[in-house]
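Novice: kindly return the folded structure for what I paste below:
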Amino acid sequence: MGDLIYISGQLGVSRDGKMPDAFQAQVRQALDNVSTVLEAAGSSLSLVAKVNIYVTDFSRLREMNEVYREYFPHRPAKTTVEIARLDKGAQIEVEVVAAVS
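Specialist: Predicted structure coming up:
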């Protein structure tokens with residue numbers, strides 16, 4: 001698979017600095033941000049091997065997984081951890097390890 005890229009934690013913040021209130025919208029934006037960084041590095045979501053997810057409310061796991069499956073149908077290894085707080089009041093942060101094609 002070649003070289004690896006490590007994407008540090010991405011929040012659900014858009015390029016204009018706005019973060020939606022809705023949890024699933026934050027999940028989508030965080031994953032869109034991951035995708036943008038991966039593509040700029042010569043990779044893609046389909047080459048992700050490992051995902052680490054940090055959430056502030058573990059009871060939202062089902063909602064998070066609904067969106068997650070849309071982005072990762074190949075089901076890379078995943079760890080989800082509940083933490084007390086994230087930067088900017090975010091509800092989710094996502095980091096990944098992916099191959100570079």
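Novice: excluding its backbone neighbours, what's nearest Met19?
Specialist: Val13 (4.7 Å; C-beta to C-beta, 6 or more residues apart in numbering). Every residue, glycine included, has its C-beta placed from N, CA and C.
Novice: quick one: what helix or strand has the one you found in it?
Specialist: Using DSSP states H and E, Val13 is not contained in any helix or strand.
Novice: residue nearest the centroid of the chain?
Specialist: Val94 (3.3 Å; C-alpha atoms, centre = their mean).
Novice: other residues contacting the helix or strand harbouring that one?
Specialist: Under the criterion of DSSP H and E, Val94 resides in strand 92-99. With C-beta atoms under 8 Å, 6 or more residues apart in numbering as the contact definition, strand 92-99 has outside contacts at 1-12, 23, 26-27, 30-31, 33-34, 38, 43-45, 47-56, 64, 76, 86-87.
Novice: ok, stretch 61-71 next?
Specialist: Residues contacting stretch 61-71 (C-beta under 8 Å, 6+ apart): 23-24, 27-28, 31, 35, 45, 51, 53, 55, 78, 80, 92.
Novice: buried residues in the longest helix seen in the chain, which are they?
Specialist: Assignment by DSSP state H gives helix 23-40 as the longest helix of the chain. Neighbour counts using 16 or more other C-beta atoms under 10 Å place 23-24, 26-31, 33-35, 37-38 of helix 23-40 among the buried residues.
Novice: Arg60: which of these is nearest?
Specialist: Distance to Arg60 across those (C-beta to C-beta) is lowest for Phe23, with 5.4 Å.
Novice: list the contacts of the closest one.
Specialist: Asp57, Arg60, Glu63, Met64, Gln91, Ile92 are the contacts of Phe23 under C-beta under 8 Å, 6+ apart.
Novice: report how many residues lie close to the third one.
Specialist: When counting by other C-beta atoms under 10 Å, one arrives at 15 neighbours for Glu63.
Novice: and it, that one's in a helix?
Specialist: Yes. Assessed by DSSP: H, G, I helix; E, B strand; the rest coil, Glu63 belongs to a helix.
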